[in-house]
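S.K.: this is a predicted model, with the sequence first.
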Amino acid sequence: MMRSFADALPPAPNPAFEPYKVKAVEPIRLTTPEERRDALERSGYNLFRIPADLVAIDLLTDSGVTAMSARQWGALLDGDEAYAGSRSFARFESVVRSITGMPHVIPTHQGRAAERLLFQVMLSPGETVPGNTHFDTTHANIEARGTTAIDLPSPATHDHAAEHPFKGDIDLEALEDLLTGDARVPLVIITVTNNSAGGQPVSMANLEAASALCHAHGVPLFLDGARFAENSWLIREREAEWHGRPPLEIARAMFDLADGCLVSAKKDGLVNIGGFLAVRDDAVAEDVRRLMVLGEGFPTYGGLAGRDLEAMASGLEEVLDPAYLADRINQVRTLGDTLTAAGVPIVRPPGGHAVYIDGRAFLPHLDPLDYPAQALSCALYLHAGVRSVEVGQLMNGRPGPGDVEVPVEHDLLRLAIPRRVYTSRQLGFVADALADLHRARAAIGPLEITDQPAALRHFGATLRPRVNARPERTSAAPSVSS
C-alpha cells in the first residue's frame, strides 16, 4: 500500500515564533547621541524623567505597557458604564473568582491602590509585616502606616550566579522565628514572582509551608499576585509535581493557600490600567468597601470605567493560555541567556518578566554608593536609546547611623519586557548594546545624588556624574557624560 504524502513527512516542528500576529504598529523614533546626552542632563540622570518619544526600546517597566489583544479591544465596546452593579463588574468578578477562589472581589485603579486600602484597614503603628521581598510601593505603603516592612528572602537569593530554580522563596526559618517572637504581625505578604529579588519565582512547596506557618500562628497570608501567571508557568517548568499541569490549575492552587491577594492587573492582567483586591474575610472586605468610597469610587467600579473591567476580565483569561506563557517566558530566557553568553553578569536563571543585571559585578571599579546600576542604566540609554530601571541603591538605599547612607545588598539593573510589544530582533539589539558596554565598562563612571524626595526617591531624585571619585576609588574611569 502506498504511503500518503502526510505519512511521509517528518514530525511537525514546534513553532519558534510568537503565538500572535501584529494588527497595529507604532513607529519608533530614533534619536542621536547628542539628543540622548542632552536628555540625560536635563533629566538629572533619572530615566523616569526622560520623555518616552526620546526612547527607542523602553524596558523601564512591564507595568501598564502591554499590547492588548483584538479580543480585549472588542471588549472595550461591551463595557457597561453603569455607576453601580454593572454587568462588566459581574463578568470581572466571575473571572477573578474562578482564578482565585476568593468570594470578595474589589476592583481598584491599580495595585498600589489595593495596597493602600488593605493596609489602612489591617495595619497599625508598631506592627511588622514580613514578606519574601517587598517591592517599592508596598514598602512605602506599609511604612506610611507607621508599620515596619521586613524582607525575609531565601538564602539562595544572595548568589546571583547560582542556577537555583526558586530564588523568590521566603526564608521559612526566618519567618517562623518572627512569628514565634515578640513582633506583632498583622499579615504576611509573599510576592509572586519576587520582583525585587530578580524576578524570581516562588515554589508551590514554599507557599504551602509558609501558609501552614502563618495559619498555625493565626496570621493571614496575602499574595502580591501581579505576576501570578508567570509564577504558575515557572512552577510548571521547575517543580516536578506540577509538570504539565494547566496554568489555571496551578494558579488556583497558589491562591487557595492565601487569605487574600493584591493584584496590579497592569502586569499579568494584560491591561494598561487596573487592579484588584480579593479577600476571604467578610469583615475586611466590608471595611475596605466603606473606605474606598472616599477615594477610589463605588465598590463595583473602583475608579475604573466599565470598559476597563471588561478588558481586565479578558486579559486575566488570556494570560493563562499555555501558548502565550511559553512564548513569554522563552522571550525573557533568550535575552538572559544571550547576555550570559556575552559575559554580562545577570541574576540566574532568568525569571518571568525581566532580566536583571548585577550592577556591581558589571562595574566592579565603582563603590556601592556610586550607584553603579543607575550609572549603567544611564550608559545604556546614552549608547543605544534603551531605557531600563535601577532596582538597587537608588531605589532602596536609606540613611544609616549619622544620617549616612549605607549600601543595600543588591544593586540591579532591570530590563523589564512589556508583554506582546517587542520582537526578538529588537531584544537582540538590546543584548548587543549591553555587550558593547560590557567591553567598554571601565569608561562608565560614578554618579551622585543632588536632590531627592523623602519617599520613593528613585521616581523623583536628580543625579549628576561625580566629578571626583571617592578617595578609595581615585582610579575610577571618567563618567558616562565625558
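M.R.: Alright, I've got the coordinates. Numbering: from 1, shown residues only.
S.K.: okay, strands next: where are they in the stretch 101-250 of the chain?
M.R.: Using DSSP state E, counting those that start in this stretch, the strands of the stretch 101-250 of the chain run over 104-108, 128-131, 148-151, 188-191, 221-224.
S.K.: tell me which of these is the most buried.
M.R.: Of all those, strand 188-191 has the most neighbours on average by mean count of other C-beta atoms under 10 Å, namely a mean of 27. C-beta coordinates here come from the backbone N, C-alpha and C atoms, glycine included.
S.K.: in what helix or strand does the nearest residue to Leu59 once chain neighbours are set aside lie?
M.R.: The spatial neighbour of Leu59 that comes closest, neighbours along the chain excluded (C-beta to C-beta, 6 or more residues apart in numbering), is Leu415 at 4.6 Å. Per DSSP states H and E, Leu415 falls inside strand 412-416.
S.K.: pull out the buried positions in that strand.
M.R.: Buried residues in strand 412-416, counting neighbours by 16 or more other C-beta atoms under 10 Å, are found at Leu412, Leu413, Arg414, Leu415, Ala416.
S.K.: show the average pLDDT along it.
M.R.: Strand 412-416 comes out with an average pLDDT of 97.
S.K.: what's the next helix-or-strand element following that strand packed up against?
M.R.: Downstream of strand 412-416, the next assigned helix or strand under DSSP H and E is helix 424-439. Counting contacts by 3 or more C-beta pairs under 8 Å, 6 or more residues apart in numbering; DSSP states H and E, helix 424-439 is packed against strand 57-58, helix 322-341, helix 372-384, strand 386-387.
S.K.: who does the first one pair up with?
M.R.: Paired strands of strand 57-58, with direction, are strand 386-387 (parallel) (DSSP bridges).
S.K.: now tell me what touches the partner strand from outside.
M.R.: With contacts defined as C-beta atoms under 8 Å, 6 or more residues apart in numbering, strand 386-387 is touched by 47, 50, 55-60, 377, 380-381, 429-430, 433.
S.K.: what's the closest of the buried residues of strand 412-416 to Leu213?
M.R.: Within the buried residues of strand 412-416, distances to Leu213 taken as C-beta to C-beta reach their minimum at Leu412, with 28.4 Å.
S.K.: quick check: that closest one touching Ala373?
M.R.: Yes: in this structure, Leu412 is within contact of Ala373 by C-beta atoms under 8 Å, at 5.7 Å.
S.K.: list residues touching both of those two?
M.R.: Common neighbours of Leu412 and Ala373 (C-beta under 8 Å, 6+ apart) are Ile357, Gly359, Glu390, Val391, Gly392.
S.K.: filter those down to the ones in helices?
M.R.: Gly359 (DSSP state H).
S.K.: ok, the shared contacts of Leu412 and Ala373 vs Ser98, which is closest?
M.R.: Val391 (32.8 Å).
S.K.: in a strand, Met68, correct?
M.R.: No: under DSSP: H, G, I helix; E, B strand; the rest coil, Met68 falls outside any strand and is assigned coil.
S.K.: dump the residue contacts of it.
M.R.: With contacts defined as C-beta under 8 Å, 6+ apart, Met68 is in contact with Leu270, Val271, Asn272, Ala311, Gly315.
S.K.: check Asp268 too.
M.R.: Taking C-beta under 8 Å, 6+ apart, one finds Gly225, Ala226, Arg227, Phe228, Ala229, Glu230, Gly315, Leu316, Val319 in contact with Asp268.
S.K.: dihedrals phi and psi, the residue nearest to Leu54 when sequence neighbours are not counted?
M.R.: Counting by C-beta to C-beta, 6+ apart, Ala39 is the residue found nearest to Leu54 once chain neighbours are left out, at 5.0 Å. Ala39 adopts backbone torsions of phi -60, psi -40, taken as degrees, to the nearest 10.
S.K.: Ala39 and Asp321, how far apart?
M.R.: For Ala39, the distance to Asp321 equals 38 Å [C-beta to C-beta, to the nearest Å].
S.K.: compare these two (neighbour count), which wins?
M.R.: Taking other C-beta atoms under 10 Å, Ala39 and Asp321 do not tie; Ala39 has more neighbours (19 against 15).
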